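*Asks:* from the sequence below, what's the structure:
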Amino acid sequence: DLGEGGGELAVATAEKASGVVHRLAEDGRLGSLGCVVIDEAHMLSDPSRGGVLELLVAKILVAAPEAQLVCMSATLPDLPVLASWTNASLYQAFDRPVSLTELLVVNGAALSPANLSVVRRIPPRFGPR
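*Replies:* Next comes the predicted model:
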């Protein structure tokens, strides 16, 4: 457990990470944070979980300013706002090594959004329950 001093790497949900950061702060060991990576940073705008993630980022910015904070998202709007709030350098990449395919799933069929033609059938185990 990172909060107990037994680990060097923690992979956690925002809620668990917030608890670890809180415990490190209580123990006076918040300076031991080297790098915090937040994947799916667009969750900051999620009504149910965004507050926890925002509080976690704020705790790190205020109480462990020497820690490197890396926020990643493929769909985060207003990147300059986040970069400004976190006093971060902004890096954007627009190329995708794997193409993104958008499909609609209706009644067990994957449809092309362009013309609603059936692209493939979805096996029943993956369809609606």
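*Asks:* check residue 88 and give its pLDDT.
*Replies:* Confidence at residue 88, expressed as pLDDT, is 89.
*Asks:* do residue 113 as well
*Replies:* The per-residue pLDDT of residue 113 was computed as 91.
*Asks:* next one: it from residue 75, what distance?
*Replies:* Residue 113 sits at a distance of 17 Å from residue 75 (criterion: Cβ to Cβ, to the nearest Å). The C-beta positions use only the backbone N, C-alpha and C, and glycine is treated the same way.
*Asks:* again with residue 81
*Replies:* Applying Cβ to Cβ, the value for residue 81 to residue 75 is 15 Å.
*Asks:* residue 36: which element?
*Replies:* Using DSSP states H and E, the element containing residue 36 is strand 35-38.
*Asks:* now residue 80
*Replies:* The secondary structure element spanning residue 80 is helix 79-85 (assigned by DSSP H and E).
*Asks:* moving C-terminal from that helix, which element do we reach first?
*Replies:* strand 104-106.
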